[in-house]
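Engineer: Let me see the structure of the following:
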Amino acid sequence: MRHVPLIGALGTAFVFLAMAGEYGCSTSTNLPAPPNSTVIQVGGSGGVPGSATGGAPTTSPSSGGTTTAAGGTTAAGGTVAATGGAAPCTQTMCPSGCVDTTSDHDNCAVCDRACAPQQICSASTCTCPAESPNACGIRCVDFQTATKDCGGCGNDCSPKRCLAGACGCKDTDILCGSDGACFDPMTDLNNCGTCGTKCGQYDLCVQGQCILSCSSYKNSAGVPLTDCGGTCIDTTSNSSNCGGCGAACPNLSMFACVNSTCVCGVPGATHCDDICVDTTKDNRYCGSCDVACTAQHSCVDSVCICSSTATACGTGCYDITSDSAHCGGCDTACGTGFHCVASACVCNTGLSLCGSQCLNTQTDPAHCGTCTTVCGAGQSCTAGKCQCDPDMSLCSGSCYDEQTDSAHCGDCTTTCSASQSCIAGMCQCGNGALGNALTACGPDCFDAQNDALHCGGCNTKCAGNQMCQGGKCITSVIRVQSSVQADSTHISRLRATISVCNASTTASVTLTGYTLKYWYTEDGASTAQTATITYSPASPSPTISAILLDPPAFRVEATSVMTLKFGATTLAVGACTGGIQTEIYPADNTACCYDLQAGDYSYLAGTALADNQHITAYNAQGLLIWGLEPAPAPP
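Structural biologist: Numbers count the residues shown, from 1 in each chain. As a prediction, this is how the structure comes out:
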């Protein structure tokens, strides 16, 4: 067992004896410590918690005291042994706490002795600080610079300055007012540059000039203001400039700017589409911003439910007294022109019930004035009467514009040819598909700049391998080739292989909209013809059709024509589509048969592909660019 050194034990015993004598008590280990006191303990080295001799605590500390015998400090170097108590104050314990009375402003030298507001506590003495070293009563001033105490207490220099303890003005000051007050014109906000020149609220006076300096001014949170077009704005709270100049909150009556962010100014509201709403009951934003209740729903506790006047039909709510899709009951829909009134379908205002339809008999040409009156072609119904529109003429019960109608040009009996147009009441040649003025050749009109049958003038035909361009015949940009099956009589199906080649040596050719015509006679086969492509290397494959010509359109060696029309197809220089295999047969597949093909206009004997100028080709504008059309059949 370790022993407490003698000097430590004697010191501790001395303290106990002194305290016991002060309180008139005998030395006892059961005495409580004096109230509100601090015990200074002395101990030897190596002590342990407990009594002076290192024993265990025998008593508990009384309220407000510090135990000595039990749980105290023993030998020097020991620690406080009180159960859970705070570390002892090593300075001076005052009501406000443990303080250093040599420097504490409110407890200078002794507890609760406070220095004057401008004084400091230094070496337990209240004195003035170095920057204001002179005392005037309880005030601390600097006699060298204090305007009210210049050179001594109470010596007021106003409106002058205190310069080195004497009243006066700086050489750079200006004197303003009758009292000769001096100001620095380089920095004074109220006399900037000259007397009486006041700078604005957020200006600085710099070198005698008022300069807007928003960033020099701060809001209550210490955030600098922002220059927004010459106005200093607190963008952390300004709703018109929230977070930055011009960044206005969407609805100033609803939103507030808080910490540079637009937030709803109404507690509990939600920001939806630039407005603040209560999503618990707002039909437009029910429960969230992207849920809207229909007209027959109400938002209750953030959920769309049927309103008191609505009926549930499936998953929807409808007013069956007025809903045209649910009139009188679910899924009972009113027709076009009807609407629902008091659960019944009735005609809309201005319409009349004709059979099961609601119609406007004032304007409907099929029910003009009454449900059974029908206006003629070209007529309109006006105020319930059939009549020609303005600028229209009545011809045999129908109305026509004699200024533009080719079948009634200028009057009811004049008909223009198929290639003519009725212009200002006269049959004339207009413009062609390429915008060129057409040329009259007899009763018909032709594009003499591009028509291979009238190239440069009427009836000037280009050769079969030519096309017309700029009124001149030039070599066509394409060539059309064909091959056929061996010829014989009594053929049930006509078969021809056709290819289109790019004849240009410099540029590709786009076949989009190009058409080929294969002219033939149907002989004894059915007049209803069917054409099909059995194989096509071209992509996309062209469309095909075959028709019997009307007798007035019969051609020499041709009463029928097969047509191939190309889609978006482009041929490179010198390239060909390859053989497109076609087949023609009677539509009912029973009538028979085709006679010798040698009598067909487009027939070219041979099983190898070869140029065929009896197959005609037309560009996207319908102009002949290859081949020779068969002549019209004699009457």
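
Engineer: contacts, neighbours, all on C-alpha from now
Structural biologist: Noted.

Engineer: Show the subsequent helix or strand relative to the top strand by length along the chain.
Structural biologist: Longest strand of the chain, by residue count under DSSP state E: strand 494-502. Next along the chain after strand 494-502, taking DSSP states H and E as the criterion, comes strand 509-510.

Engineer: what comes into contact with whatever helix or strand comes next after that next one?
Structural biologist: The helix or strand immediately downstream of strand 509-510 is strand 515-520, counting by DSSP H and E. Contact with strand 515-520 is made by 557-566, 597, 599-603, 614-620, 622, 630, as judged by CA atoms under 8 Å, 6 or more residues apart in numbering.

Engineer: average model confidence for strand 515-520?
Structural biologist: In this model, strand 515-520 carries a mean pLDDT of 94.

Engineer: quick revisit: just the buried ones from the contacts of strand 515-520, in ChimeraX syntax?
Structural biologist: Here is the ChimeraX selection string for the buried members of these, based on 16 or more other CA atoms under 10 Å:
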select :557,558,559,560,561,562,563,564,565,566,597,600,601,602,603,614,615,616,617,618,619,630
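
Engineer: Just the contacts of strand 515-520: which are in strands?
Structural biologist: Filtering the contacts of strand 515-520 for strands - DSSP E - leaves 560-565, 616-618.

Engineer: Tabulate those residues (TSV), appending pLDDT and distance to residue 347.
Structural biologist: Shown next, in TSV, are those (pLDDT from 0 to 100; distance: CA to CA, whole Å):
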residue	pLDDT	distance to residue 347
560	90	54
561	93	54
562	93	53
563	95	52
564	94	52
565	95	50
616	95	59
617	95	57
618	94	55
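
Engineer: Please name the residues that touch the closest residue to residue 372 other than its chain neighbours.
Structural biologist: Leaving aside its chain neighbours, residue 372 sits nearest to residue 366 (7.5 Å; criterion: CA to CA, 6 or more residues apart in numbering). Residue 366 makes contacts with 372-375, as judged by CA under 8 Å, 6+ apart.

Engineer: Please pick the buried ones from the residues you listed.
Structural biologist: If we count by 16+ other CA under 10 Å, those have these buried: 373-375.

Engineer: Could you verify my assumption that residue 313 touches residue 328?
Structural biologist: No. When contacts are counted by CA atoms under 8 Å, residue 313 is not listed as touching residue 328 (11.7 Å).

Engineer: neighbour count winner among those two?
Structural biologist: Between residue 313 and residue 328, counted using other CA atoms under 10 Å, the more crowded position is residue 328 (20 against 14).

Engineer: Quick one: residues contacting the residue nearest in space to the middle of the chain.
Structural biologist: By CA atoms, centre = their mean, the chain has its centre lying nearest to residue 273, at 12.5 Å. Residue 273 sits next to residue 289 when contact means CA under 8 Å, 6+ apart.

Engineer: same thing but at 10 Å, please
Structural biologist: 250, 285, 289-290 (CA atoms under 10 Å, 6 or more residues apart in numbering).

Engineer: Relative to residue 298, how far out is it?
Structural biologist: Distance, residue 273 to residue 298, by CA to CA, to the nearest Å: 20 Å.

Engineer: hmm, back to that, and of the ones in strands among the contacts of strand 515-520, the nearest to residue 426?
Structural biologist: Each of the ones in strands among the contacts of strand 515-520 was scored against residue 426 by CA to CA, and residue 618 proved nearest at 29.9 Å.

Engineer: Name the nearest residue to that closest one, sequence neighbours excluded.
Structural biologist: residue 624 is the one closest to residue 618 (CA to CA, 6+ apart), at 4.4 Å.

Engineer: Also residue 247?
Structural biologist: Using CA to CA, 6+ apart, the nearest residue to residue 247 is residue 241, at 4.7 Å.

Engineer: State the number of residues packed around that neighbour.
Structural biologist: With neighbours defined by other CA under 10 Å, the count for residue 241 comes to 22.

Engineer: measure it to residue 267 for me?
Structural biologist: 22 Å.

Engineer: Could you do residue 205 as well?
Structural biologist: 44 Å.

Engineer: how deep is residue 319 tucked in, by neighbour count?
Structural biologist: That count, for residue 319 with other CA under 10 Å as the rule, works out to 25.

Engineer: An error on my part: the question was meant for residue 634.
Structural biologist: 8.

Engineer: isn't it right next to residue 558, touching?
Structural biologist: No. With contact defined as CA atoms under 10 Å, residue 634 does not count as touching residue 558 (12.0 Å).

Engineer: Convert stretch 165-174 to PDB, retaining C-alpha atoms only.
Structural biologist: Output of stretch 165-174 as PDB, limited to C-alpha atoms (Å, rounded to 0.1, in the frame of the first residue of the first chain):
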ATOM      1  CA  GLY A 165      -5.700  68.500 -30.800                       C
ATOM      2  CA  ALA A 166      -6.600  71.800 -32.300                       C
ATOM      3  CA  CYS A 167      -9.800  73.000 -34.100                       C
ATOM      4  CA  GLY A 168      -9.500  73.700 -37.800                       C
ATOM      5  CA  CYS A 169     -10.000  72.400 -41.300                       C
ATOM      6  CA  LYS A 170      -7.800  70.400 -43.700                       C
ATOM      7  CA  ASP A 171      -6.200  72.200 -46.600                       C
ATOM      8  CA  THR A 172      -8.300  70.000 -48.900                       C
ATOM      9  CA  ASP A 173     -11.600  70.700 -47.200                       C
ATOM     10  CA  ILE A 174     -14.300  73.000 -48.400                       C
END
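
Engineer: Going by neighbour count, list what's buried in that stretch.
Structural biologist: For stretch 165-174, a neighbour-count test (16+ other CA under 10 Å) marks 165-169, 174 as buried.

Engineer: Let's have the residues you listed in CSV, adding distance to residue 535 and secondary structure.
Structural biologist: Below are these laid out as CSV (distance: CA to CA, whole Å; DSSP: H, G, I helix; E, B strand; the rest coil):
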residue, distance to residue 535, secondary structure
165, 117, coil
166, 118, strand
167, 117, strand
168, 115, strand
169, 112, coil
174, 107, strand
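
Engineer: Show me which of these is closest to residue 211.
Structural biologist: Checking the buried residues of stretch 165-174 against residue 211 by CA to CA gives residue 174 as the nearest, at 19.8 Å.
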